[in-house]
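attaching a predicted model along with its sequence, questions to come.
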Amino acid sequence: MDLKKFTDKLEQLNFSDMHLRDFFLTWEHTPEELEAVFTVADALRELRENNVSSKIFDTGLAISNFRDNSTRTRFSFASACNMLGLTVQDLDEGKSQIAHGETVRETANMISFMADVIGIRDDMYIGKGNAYMREVAESVQEGYDAGILEQRPTLVNLQCDIDHPTQSMADMLHIIHEFGGIENLKGKKVAMTWAYSPSYGKPLSVPQGIVGLFTRMGMDVVLAHPEGYEIMSDVEEVALKNAEEAGGKFTKTNSMEEAFKDADIVYPKSWAPFKAMEKRTVLYGEGDQAGIDALEQELLEQNAKHKDWECTEELMKLTKDGKALYMHCLPADITGVSCEEGEVAESVFDRYRDPLYKEASYKPYIIAAMIFLARVKDPVATLNKLVEQDTKRFQE
Amino acid sequence: MDLKKFTDKLEQLNFSDMHLRDFFLTWEHTPEELEAVFTVADALRELRENNVSSKIFDTGLAISNFRDNSTRTRFSFASACNMLGLTVQDLDEGKSQIAHGETVRETANMISFMADVIGIRDDMYIGKGNAYMREVAESVQEGYDAGILEQRPTLVNLQCDIDHPTQSMADMLHIIHEFGGIENLKGKKVAMTWAYSPSYGKPLSVPQGIVGLFTRMGMDVVLAHPEGYEIMSDVEEVALKNAEEAGGKFTKTNSMEEAFKDADIVYPKSWAPFKAMEKRTVLYGEGDQAGIDALEQELLEQNAKHKDWECTEELMKLTKDGKALYMHCLPADITGVSCEEGEVAESVFDRYRDPLYKEASYKPYIIAAMIFLARVKDPVATLNKLVEQDTKRFQE
Amino acid sequence: MDLKKFTDKLEQLNFSDMHLRDFFLTWEHTPEELEAVFTVADALRELRENNVSSKIFDTGLAISNFRDNSTRTRFSFASACNMLGLTVQDLDEGKSQIAHGETVRETANMISFMADVIGIRDDMYIGKGNAYMREVAESVQEGYDAGILEQRPTLVNLQCDIDHPTQSMADMLHIIHEFGGIENLKGKKVAMTWAYSPSYGKPLSVPQGIVGLFTRMGMDVVLAHPEGYEIMSDVEEVALKNAEEAGGKFTKTNSMEEAFKDADIVYPKSWAPFKAMEKRTVLYGEGDQAGIDALEQELLEQNAKHKDWECTEELMKLTKDGKALYMHCLPADITGVSCEEGEVAESVFDRYRDPLYKEASYKPYIIAAMIFLARVKDPVATLNKLVEQDTKRFQE
């Protein structure tokens, strides 16, 4: 086994600014930085598939803070940290004093004495999640500058109100592999479309993350949703600017059919309207439970008007050769399986199960690559060293 | 320190089919395979007692899924995984999306990208626990076959509705040591008997596991319980067949005295009637809480008719030389200590406390041995390598 | 990097009795033993700051048992264990069978088969916490003596009803560094004073721990509180005896001003009256919720009479050159920040934020040093070996 094709690629890329830098939003990183993440992720996977240890930490903690339920991202983060030698210590706010009004600054420092990484998922409230992450990052920076922390832990955004970079990057790495290279994506049409779900209030970070990232690759990105299901306008502007810079397109439509037509990739997924989520954030802030319940009822009724937004076989036939790559962040609401009427027909989902699972399998490597690039000074040298050391991941 | 006596023994045994195989039920394994587990468990204990590391994984995850409360098994699993170098990541369904209707297949794959082992305890519902484990195992097999998982995690049954193999194997290893070798067990009489408990609904997996395993050793196994406390008939048939093949006996009685008479080993422990547990499973499925409450009341009343099923000093006197080895999976309901009237008299329990704790101490090694044999291609070579490497478990 | 100044110091100290010994109360240890803890803590910090691994355990478990909510101590314990190579396994009594009447002795042994350390926080009930810890320690000693446990895990008191040694020792190490050495503390005046808080029932272990430890250094320790807020009289006696032996002072006053006057160090912090806490313990034992609620109301009213016990700028001016070192175990009740009226004025707290966080940063090292000294036979030799091995904590 050797990593030459990956280290050669890395040597052509400029990603020196990633060292000790947090990963908040994909659009804050240059295309070469993003490609460095994909390349390191592939290199780490190559190591593991050849039973070579990628442990770069002998000891060290990775703090996780899941402010919303999570199985997949929790396990992906645990896997990524384990692969690098970090031990995850969960900050469970339910169990901790943070729930009793402690300031973010103090807690951030108190938990970080041995922390190399802090991973946060905070996607529930519009205007809050990303802001909270930045506050944590600033707090530990201050602590580091004041000589309190021996290292400045880097922050990895495990999903916020704006972006879900570990998801969109894993999705993109899947596409890169499916299409045989990042250079083959230019001009490919991707339909990021809303889909009906019987549940309410699904986060916007996935569609936002997808249009914010996929437009970087010069793709023809179409965002489709019923009227009233707009995403954050800031992110739409990012997507427009991205498309222009990358020589691609970003368009919107209220027709699922139009989006699917000749698409190379479809990503049908439910989300809540941005304005409703803003309203919910205000209601939570006010502790107005009756208002929240009323909003939920209203949103469910609104959703129910759009049950025809389902990824059916008929719709799939509209795509390029009827064979577009179907994507989803999982779990999907599958009609007749996980719900009566949902985002996708059972037969469509079934046909794409293996690629969907494969898509998900990139997330641990994406997270590990983000950590690797943030912590390691000379990633090429360290990758080479791991190959030389040839420590077995497992003594078979 | 050397492991020669263990590796010599292993070289005489045929256990090649254990590699990459799950451990569901003891009676699915050959006697030589079971002896390989005992031998590796002893070898791992020898290593640890001599401060030699048995870490065979540099990184890697072990998934635990406790669908019922657990302290002992949780710590035994954690100890076993730690000893081998695996990091435990708990799948807490209360916290995870699995509670919201996600399919088993999907979750099993989503959590297994870096998993070498999955340990599951699911003993609450008759007909469900073992079936669930097999579904998980099939799911990760499919994921592995489809190239989604880089390794096929092996499943360890940490207690199901049918068997509790890590318990019965630890119990057996205790007996092997107490009686000076597996070859000394033939013809020994063991009384697996019901005992009164003021609590209701204790799992059947312990008595079933004991009669299913101990009959393999050519022992004279007596199952005793009041009428109405039958165990699964399938397991009784297994025990009968085992006894026949091993040249031992499997008999049943409704008299605790008869079972204790001349016994070399007694294992008095409460359990719920199989038929009642079947009924409870149906009631839970129907969400019939009133029915469940009524059943509980009924079972407590039924239990209360058999308060004389207590392991007293008088009963102990009936055993071989009055000195049978008293066993229990712990915690026991001790009369006058943990309850007013229970499974065992305080003086009996007190006299056997040290052996009981020793009995429990084998469980981490049994679990580690099951994992070792499932993951390692050439266990003898790997054991020898650990001795050669002589990495200290702890730099004293 | 070398550790010579630390190992030279250790060679002058007699701390041979610390090996395999639990750490319950600072006053059970000799001054030389305490200095050994400070010295090893500094040595471990030096190693980490120079990226040298201090991992002395290849595998092994550290059991944590937090019977009260905790973020800081939980993370400090996790950090300390990680630094030494131990994996933390939490005994969550809510999830475990211990909640169902299992005896302490049994559980202590059942969880300790692979445990090198047990860390317990149990500070809620007067007369219970420390007693519980000792019961656990005795239980594992018995298990070790009976050949059940292969190692005798050592117990670290992570806060009990009497003392909070990891806090007071971290506080002291902070002072040692602030004042340029342990030899500079003699005669320094420290004001351990009560302060107003809108919450009730804060543990007494911090003030008790401080007066019990700081009097060992020959300091002039003043304990100040309103009438009715007495601490345990046993601890006051310890402090008096300490002061006499060390050539320092231990006095009491009901005036915050008097305590602050010319103080070199101030430690204003709320706590509940000892007698009220005793009463609460009885009420809990009786399950008297109405009584508990009434007591809470009573204590809040009693607290509210002493809102003038706040660490203000005016009070700080009374201290030595107006520049006493302000200390707190955190989180503090900051007036206008975390509550309307609290323990400390915002401007005072803000001025001391960096030293306060630095103070907290010593705790992981203090805990690691306690474990190191309890487990390692020849600490100087092992420290030297870590330097020689020069394993990188992190492959930068």
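It's in.

spell out which parts of the stretch 1-150 of chain A neighbour chain C.
A:56-61, A:87, A:89, A:91, A:95-98, A:101-103, A:106-107, A:109-111, A:113-114, A:116, A:143, A:146-150 (Cβ under 8 Å from any Cβ of the partner chain). (Each C-beta comes from the backbone N, C-alpha and C, glycine too.)

now the residue nearest to A:F6 when sequence neighbours are not counted: how far from A:L386?
Sequence neighbours aside, A:A43 is the residue nearest to A:F6 in space, at 3.9 Å (criterion: Cβ to Cβ, 6 or more residues apart in numbering or on different chains). In this view, A:A43 and A:L386 are 9 Å apart by Cβ to Cβ, to the nearest Å.

neighbour count for the two, which is higher?
A side-by-side neighbour count of A:A43 and A:L386, using other Cβ atoms under 10 Å in any protein chain shown, places A:A43 first with 25 against 20.

now the more buried one: phi and psi?
Torsion angles at A:A43 (phi, psi; degrees, to the nearest 10) stand at phi -70, psi -40.

for the stretch 1-150 of chain A, which segments count as helices?
For the stretch 1-150 of chain A, the helices defined by DSSP state H, counting those that start in this stretch cover A:4-12, A:31-49, A:72-84, A:104-110, A:129-145.

could you identify which of those is most buried?
Highest mean neighbour count of the helices of the stretch 1-150 of chain A: helix A:72-84, a mean of 27 (counted as mean count of other Cβ atoms under 10 Å in any protein chain shown).

re the thing from before, now mean pLDDT too, for the helices of the stretch 1-150 of chain A, in CSV please.
Output for the helices of the stretch 1-150 of chain A, formatted as CSV (pLDDT from 0 to 100):
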stretch, mean pLDDT
helix A:4-12, 98
helix A:31-49, 98
helix A:72-84, 96
helix A:104-110, 92
helix A:129-145, 94
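
for the closest residue to chain C within the stretch 101-250 of chain A, which non-adjacent residue is spatially closest?
Closest contact between the stretch 101-250 of chain A and chain C, by Cβ to the nearest Cβ, is at A:M114 (3.9 Å). Leaving aside its chain neighbours, A:M114 sits nearest to C:S79 (3.9 Å; criterion: Cβ to Cβ, 6+ apart).

from C:G119, how far out is the one you found?
12 Å.

any shared contact partners between these two?
C:I367 (Cβ atoms under 8 Å, 6 or more residues apart in numbering or on different chains).

who touches A:E142 in this structure?
With contact taken as Cβ under 8 Å, 6+ apart, A:E142 is in contact with A:R105, A:N109.

can you report phi and psi for the residue of the stretch 101-250 of chain A closest to chain C?
For A:M114, the backbone dihedrals (degrees, to the nearest 10) come out as phi -120, psi 20.

what residues are up against it?
Counting by Cβ under 8 Å, 6+ apart, A:M114 makes contact with A:T59, A:G60, A:L61, C:A78, C:S79, C:N82, C:M83, C:P364.

tell me which of those residues is nearest to chain B?
For those, the nearest to chain B is C:N82 (11.6 Å; Cβ to the nearest Cβ).

just checking, the closest one touches A:G60?
Yes. Using Cβ atoms under 8 Å, C:N82 is in contact with A:G60, at 7.1 Å.

joint contacts of the two?
Both C:N82 and A:G60 are in contact with A:T87, A:M114, where contact means Cβ under 8 Å, 6+ apart.

distance of A:G247 relative to C:L61?
From A:G247 across to C:L61, the span is 56 Å (Cβ to Cβ).

more crowded one of these two?
Neighbours were counted for A:G247 and for C:L61 using other Cβ under 10 Å; C:L61 has more, 26 against 11.

now A:E298: phi and psi?
A:E298 adopts backbone torsions of phi -60, psi -40, taken as degrees, to the nearest 10.

list the contacts of it.
Neighbouring residues of A:E298 by Cβ under 8 Å, 6+ apart: A:A276.

distance of it from A:G201?
Note on A:E298: its distance to A:G201, by Cβ to Cβ, is 11 Å.

for A:E150, same thing?
Applying Cβ to Cβ, the value for A:E150 to A:G201 is 41 Å.

between these two, who's got more neighbours?
It is A:G201, of A:E150 and A:G201, that has more neighbours when counted by other Cβ under 10 Å, with 18 against 15.

identify the residues contacting stretch A:30-49?
The contact list for stretch A:30-49, computed with Cβ under 8 Å, 6+ apart, reads A:1, A:3, A:6-7, A:9-10, A:13-15, A:17-18, A:26, A:29, A:53-54, A:83, A:169, A:172-173, A:176, A:182, A:213, A:216, A:246, A:362, A:365-366, A:368-370, A:372-373, A:379, A:383, A:386-387, A:393, B:150.
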